[in-house]
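**Student:** Here is a sequence with its predicted model. Questions after.
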Amino acid sequence: MPHRSHCLKIFFSVGEPSGDVHAANLIRQLQSRCPQVHAVGFGGPHMARAGCHLMYDLTALAVMWFGRVLLNIATFWRLYRKASRYFETHRPDAVVLVDYPGFNWWIAKAAKRRGIPVYYYMPPQIWAWARWRIGKMRRWVDHVLCSLPFEAPWFAQRDCRTEFVGHPFFDETCRHEGDPVFLAEQRRHRQPLVVVLPGSRNQEVTGNLDVFLEACRKIHQAAPDVRFAIACFKPLHADYARPRAAATGLPIEVFCRKTPELIQLADCCMAVSGSVSLELLYHLKPTVIHYRISRLAFFVQGFFRKVKYITLVNLLAGDALAEDDLRLYDPNSPEAAEALFPEYLTCEDKSTEVASHIIGWLRDRQGRSALVERLERLKERVAHGGASARAAEYLLSTLQAGPLPGPHWRRPTEDEAAAEVDAAAA
């Protein structure tokens, strides 16, 4: 392994709660292979528990959309300056970025200015929303570690060094067995369970929860024996959800940090779009996706979105990067059945549509079973663990190989490629 004679310093920049989990697993895999690895940087509590020295809990600033970023611009600037000083004085061996575009471009640029190798683990989905940013990826990132199978060829075709490692979400999902006491208690209930997953960001919860609660009301009218559970990511979200759920008068329970268990228990789900859709795929749960944004954001997305679907499961199931039809999902269109998870990217209340899918799955056992079979086929194809281990192996092996020849965004010449082969053989 590289640098066994001294501590191997790796700086992490992670701003999403899900990225915090994935980075923590990567840190553990790195340390199991090279005990001298010292992780430092911006992240969250999972990374801290994995042994990373946190300079700031960046997951507390998990924000979306331009206006919300502006509100926190002073904090982002202060953290950028802090990282720049660290790169200058401590010279880490590598910088690892996890998703969180915007701020992480700043970090990548600061590292490249000082000749520090930059790895993007779980790169931002610029193929879907911001393809012009490929220039930044080429200039400031040395290695792109892709989580989705169609990403690797897309980046490689645009002169990025890329490696497909798989999606680390499946590492966590495969490993998590759940709270046996909680699972046993909940399984004593005989009624069908519909689980609401309102998201991990504050604006996702505030933007979508009321729609989900209205959908619960409509589902209850059609199926009075159904009970509901809201899976909240953090206590703040649970405090927001409880009075709203209670005001409905429906059999809705609110739980915090029990998402994996509730997904296992669910008959079907309503969710905000995000990586949680991969966990829903893993557990074969029929799910309808709802993602409400402002009217301005909805108008703007029409100019930038380059994929038909916003849900990873739907992208994995079809021709993800096809641009011939970018119309949003319409349940009445002939091709609606292509989407494994019906999805609504909207600025309106789609509670009626959301409820109709859930009611259909609860009533039509045959149709539900057919959907589960389709989910199972996709799971067998894509839901494999080991991404964290593969990423750790790649990162350590490339650090051991030394600096990249020539500009890092340029494909090596035949002579350079031959030299690399000879060096590896030696």
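**Tutor:** Good, I have the coordinates.
**Student:** From His143, how far out is Cys160?
**Tutor:** Applying CB to CB, to the nearest Å, the value for Cys160 to His143 is 8 Å. C-beta here means a position set from N, CA and C on the backbone, and glycine is covered the same way.
**Student:** what does Leu97 give?
**Tutor:** Note on Leu97: its distance to His143, by CB to CB, is 10 Å.
**Student:** before we move on, what about Ser277?
**Tutor:** For Ser277, the distance to His143 (CB to CB) stands at 26 Å.
**Student:** the more surrounded of those two?
**Tutor:** Taking neighbours as other CB atoms under 10 Å, Ser277 and His143 compare with Ser277 leading, 27 against 22.
**Student:** Quick check: that one touching Val313?
**Tutor:** Yes: using CB atoms under 8 Å, Ser277 is in contact with Val313, at 4.7 Å.
**Student:** Tell me the residues that contact both of these two, please.
**Tutor:** Applying CB atoms under 8 Å, 6 or more residues apart in numbering, one finds that Ser277 and Val313 are jointly contacted by Phe341.
**Student:** What are the boundaries of the helices in the stretch 151-300 of the chain?
**Tutor:** For the stretch 151-300 of the chain, the helices defined by DSSP state H, counting those that start in this stretch occupy 151-156, 169-175, 180-187, 202-222, 235-248, 259-265, 276-282, 295-304.
**Student:** okay, the ones you listed, which one's buried deepest?
**Tutor:** Mean neighbour count (mean count of other CB atoms under 10 Å) peaks for helix 276-282 among those, with a mean of 25.
**Student:** Does anything pack onto it? Which helices or strands?
**Tutor:** Secondary-structure packing of helix 276-282 (3 or more CB pairs under 8 Å, 6 or more residues apart in numbering; DSSP states H and E): helix 169-175, helix 259-265, strand 268-271, strand 287-292, helix 312-317, helix 365-382.
**Student:** Now do the contacts for the residue lying closest to Ala156 once chain neighbours are set aside.
**Tutor:** Nearest non-adjacent residue to Ala156, counting by CB to CB, 6 or more residues apart in numbering: Thr162, 4.9 Å away. Taking CB under 8 Å, 6+ apart, we find Thr162 in contact with His143, Val144, Leu145, Cys146, Glu151, Ala152, Phe155, Ala156.
**Student:** How many residues are close by the closest residue to the first one other than its chain neighbours?
**Tutor:** Sequence neighbours aside, Tyr119 is the residue nearest to His143 in space, at 4.7 Å (criterion: CB to CB, 6+ apart). Summarising burial for Tyr119: neighbours were counted as other CB under 10 Å, giving 27.
**Student:** Let me see the contact set for Tyr119.
**Tutor:** Applying CB under 8 Å, 6+ apart, the residues contacting Tyr119 are Ala94, Val95, Val96, Leu97, Val141, Asp142, His143, Leu145, Leu395.
**Student:** want to throw those residues into TSV with pLDDT, distance to Ala111 and secondary structure?
**Tutor:** What follows is those, written out as TSV (pLDDT from 0 to 100; distance: CB to CB, whole Å; DSSP: H, G, I helix; E, B strand; the rest coil):
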residue	pLDDT	distance to Ala111	secondary structure
Ala94	97	9	strand
Val95	98	4	strand
Val96	98	10	strand
Leu97	98	9	strand
Val141	97	9	coil
Asp142	96	9	coil
His143	97	12	strand
Leu145	97	16	strand
Leu395	97	14	helix
